[in-house]
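K.L.:
Predicted model and sequence below, questions to follow.
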Amino acid sequence: MSLGPLLREIRACTVCAEHLPAGPRPVVQAHRDARILIIGQAPGRRVHESGVPWDDPSGDRLRDWLGIDKPTFYGEHLALIPMGFCYPGTGRSGDLPPRPECEELWHARLLAALPKVELTLLLSRYALAAYLDADPKTTLTASVAAWRTYTPAKLPMPHPSPRNNLWLKKNPWFESDVLPYLRRRVRRILREARRPG
Ligand code: SF4
């Protein structure tokens, strides 16, 4: 199936509606020309309301990490695909985990429709568990610390949420080592993608 009909199918999905306190509203961005794929966690309430992926402080930090502006971030060379496409609701200690149905139903089909992706950023322990076979409970720091093992195709990263400020403070190597690499890669990939013909 090509990307357009697949995205229409996803946007009409109500498979786990009974578990979604705010109701289904899948928030996904994908273009056939995407070179960089960002696999995040799940929309928060603000993104659920706007329907715009990463339209929140986490998105502002993510764009800073990538070294790109909003038009580029929302342009045809980036795909923004969370582990769960709909806002899962909030529990005592923050947003609930992403619904597991999306990975099983949609991920493989979506990724197959993005043939030009060169770099996949795995943000959050759920994305790491799904795409690096990492234990979601214990290995976020270890997986991110081993980032060179996964390049150039994948880059494990913490989620850019303000909730992770303490993690970022405890692991200053992420900003000093990983981010300069990430910005260089992103610059190079986008320069190539924009090259005519
Ligand atoms: S979370 Fe995923 S499976 Fe559930 S309704 Fe939304 S798109 Fe469908």
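P.N.:
Yes, it's here.
K.L.:
Show me what the lowest-mean-pLDDT helix or strand in the chain is packed against.
P.N.:
Here the helix or strand of the chain ranked lowest by mean pLDDT, DSSP states H and E is strand 94-95, holding a mean of 84. The criterion is 3 or more Cβ pairs under 8 Å, 6 or more residues apart in numbering; DSSP states H and E, and there are no helices or strands that strand 94-95 contacts. Every C-beta, even on glycine, is put in place using the N, C-alpha and C of the backbone.
K.L.:
and that strand, how far from the chain's centre?
P.N.:
17 Å (Cα atoms, centre = their mean, to the nearest Å).
K.L.:
just stretch 66-86 next, same as before
P.N.:
Averaging C-alpha positions (Cα atoms, centre = their mean) puts stretch 66-86 8 Å from its chain's average.
K.L.:
Which parts of that stretch count as buried, going by neighbours?
P.N.:
66-68, 72-75, 77-86 (16 or more other Cβ atoms under 10 Å).
K.L.:
Any idea how far apart the tips of it sit?
P.N.:
End-to-end span of stretch 66-86 (Cα to Cα, to the nearest Å): 24 Å.
K.L.:
what pLDDT, on average, does it get?
P.N.:
Mean per-residue pLDDT for stretch 66-86: 98.
K.L.:
Alongside the ligand, which residues does the chain contribute?
P.N.:
Applying Cβ under 6 Å from any ligand atom, we find that the chain lies next to the ligand at 10, 13-17, 24, 26, 84-86, 99, 101-102, 105.
K.L.:
If you count contacts, what does whichever strand or helix holds residue 58 end up packed against?
P.N.:
Per DSSP states H and E, residue 58 falls inside helix 57-66. Secondary-structure packing of helix 57-66 (3+ Cβ pairs under 8 Å, 6+ apart): helix 70-73, helix 179-194.
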